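S.K.: task: produce atomic coordinates for the following.
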Amino acid sequence: MMDMKIASYNVNSLRVRLPLCLEWLAESGADVLCVQETKVQDADFPRGVFDEIGYHYAFKGQKSYNGVAILSRHTIEKIEYGLPDEPHDEPRLIRAEIGGVTIVNTYVPQGYLPETEKFQYKLQWFARLRKYFERSFEPGDALLWVGDLNIAPAAIDVYDPETLLGHVCFHPQVHEALNNVMAWGFVDVFRKHCDKAGQYTFWDYRMRDTFARNLGWRLDHIMATVPLAERSTACTIERQLRAAERPSDHAPIVAEFDWP
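M.R.: This is a model prediction of the structure:
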């Protein structure tokens with residue numbers, strides 16, 4: 001058994017945030033960093049930089065939008081991309097096995113507006129994800145589901161739940177969709193360790209001083225099957241990265257485990 005530190009971070013452009021990522025990896029000693037919104041096509045992924053610092057990598061991306069990657073100090077095995085039966089999906093899911101644990105890293109569609117087809121696509125994406133877990137795993141497996149899920153699960157996870165209710169990331173239908181996936185057999189690792197309000201991973205660029213005023217959302221998550229959740233020893237949000245120079249609008253979430 002060994003200690004493992006697993007992080008999830010929507011970087012909102014890997015190449016822009018690369019210096020920040022490298023500095024944080026060096027300081028934190030994270031074993032695995034799951035990244036979303038890399039916004040880089042595969043040919044331009046910065047392989048050499050991660051080779052230099054001894055991290056393995058798996059990635060799937062496109063130019064300017066979406067994209068997911070897994071960076072690991074340990075060997076990455078059994079890499080798969082995307083949900084089944086949808087070859088034209090955007091690059092939003094990557095799966096890999098590290099040290100006997102499977103990690104599914106996702107960038108869930110945002111949804112745009114509730115009255116649009118994009119919102120229906122978001123709901124359908126969650127339904128497909130539930131079927132994916134049912135077909136591919138058992139609830140007793142050592143499995144992590146991480147990423148920017150574009151959902152604040154409860155009132156405690158947004159700065160103004162009354163006003164924001166009905167937003168595509170804080171909507172009753174989305175909550176139902178998330179709960180359907182969670183009911184398969186996942187535990188919210190952050191909420192296992194922290195029940196305080198005001199704990200956020202996202203602060204919108206488009207509003208003034210949202211970070212300074214802590215007008216945030218908890219959209220980034222680390223979910224674990226019960227056997228793995230029981231081995232979690234801590235889960236924190238690295239909010240200082242949101243205050244860094246040229247930050248993403250998200251901060252990393254980090255969980256620590258006694259790895260099987």
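S.K.: need the nearest residue in space to residue 106, chain neighbours excluded.
M.R.: residue 147 (4.0 Å; CB to CB, 6 or more residues apart in numbering). The way it works is simple: take the backbone N, C-alpha and C, and place the C-beta from them, glycine included.
S.K.: contacting residues around the one helix or strand the one you found maps to?
M.R.: Under the criterion DSSP states H and E, the helix or strand holding residue 147 is strand 143-148. For strand 143-148, the external contacting residues (CB atoms under 8 Å, 6 or more residues apart in numbering) are 6, 8, 10, 34, 36-37, 68, 101-108, 133, 137, 181, 186, 219-225, 228, 250.
S.K.: off-centre distance for that strand?
M.R.: Taking CA atoms, centre = their mean, to the nearest Å, one finds strand 143-148 lying 6 Å from the centre of the chain it belongs to.
S.K.: downstream neighbour of it in the secondary structure list?
M.R.: Sequence order places helix 161-164 as the next helix or strand after strand 143-148, per DSSP H and E.
S.K.: helix or strand right after that next one?
M.R.: Going down the chain from helix 161-164, the next helix or strand is helix 172-182, by DSSP H and E.
S.K.: so how far is that following helix from its chain's centroid?
M.R.: For helix 172-182, the distance to the chain centre is 16 Å (CA atoms, centre = their mean).
S.K.: in that helix, what's buried?
M.R.: By 16 or more other CB atoms under 10 Å, the buried positions in helix 172-182 come out as 173-174, 177-178, 181-182.
S.K.: so can I have CSV of these showing distance to residue 88 and pLDDT?
M.R.: Shown next, in CSV, are the buried residues of helix 172-182 (distance: CB to CB, whole Å; pLDDT from 0 to 100):
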residue, distance to residue 88, pLDDT
173, 24, 98
174, 23, 98
177, 21, 98
178, 24, 98
181, 22, 98
182, 28, 98
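S.K.: related to what we said a few turns ago, parallel or antiparallel, list what pairs with the strand holding residue 147.
M.R.: In the sheet, strand 143-148 lines up against strand 101-107 (parallel), strand 220-225 (antiparallel) (DSSP bridges).
S.K.: mind listing the residues bridging to the residue nearest the centre of the chain?
M.R.: Centrality entry for the chain: nearest residue to the mean C-alpha point is residue 147, 1.1 Å, by CA atoms, centre = their mean. Beta bridges link residue 147 to residue 106, residue 221, judged by DSSP bridges.
S.K.: what's the distance between it and residue 209?
M.R.: Residue 147 sits 27 Å away from residue 209, taking CB to CB, to the nearest Å as the criterion.
S.K.: repeat for residue 53
M.R.: As defined by CB to CB, residue 53 lies at a distance of 34 Å from residue 209.
S.K.: now residue 242
M.R.: 12 Å.
S.K.: between the two, which one's more packed in?
M.R.: Under the neighbour definition other CB atoms under 10 Å, residue 242 and residue 209 were set side by side, and residue 242 has more, 20 against 9.
S.K.: ok, that one - contacts?
M.R.: 203, 211, 248-251.
S.K.: redo those as a markdown table? Include secondary structure and distance to residue 49.
M.R.: As requested, these are arranged in a markdown table below (DSSP: H, G, I helix; E, B strand; the rest coil; distance: CB to CB, whole Å):
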| residue | secondary structure | distance to residue 49 |
| --- | --- | --- |
| 203 | strand | 27 |
| 211 | coil | 27 |
| 248 | coil | 17 |
| 249 | coil | 23 |
| 250 | strand | 21 |
| 251 | coil | 22 |
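S.K.: and which of those residues is nearest to residue 48?
M.R.: Lowest distance from residue 48 to the contacts of residue 242 (CB to CB) belongs to residue 248, with 22.2 Å.
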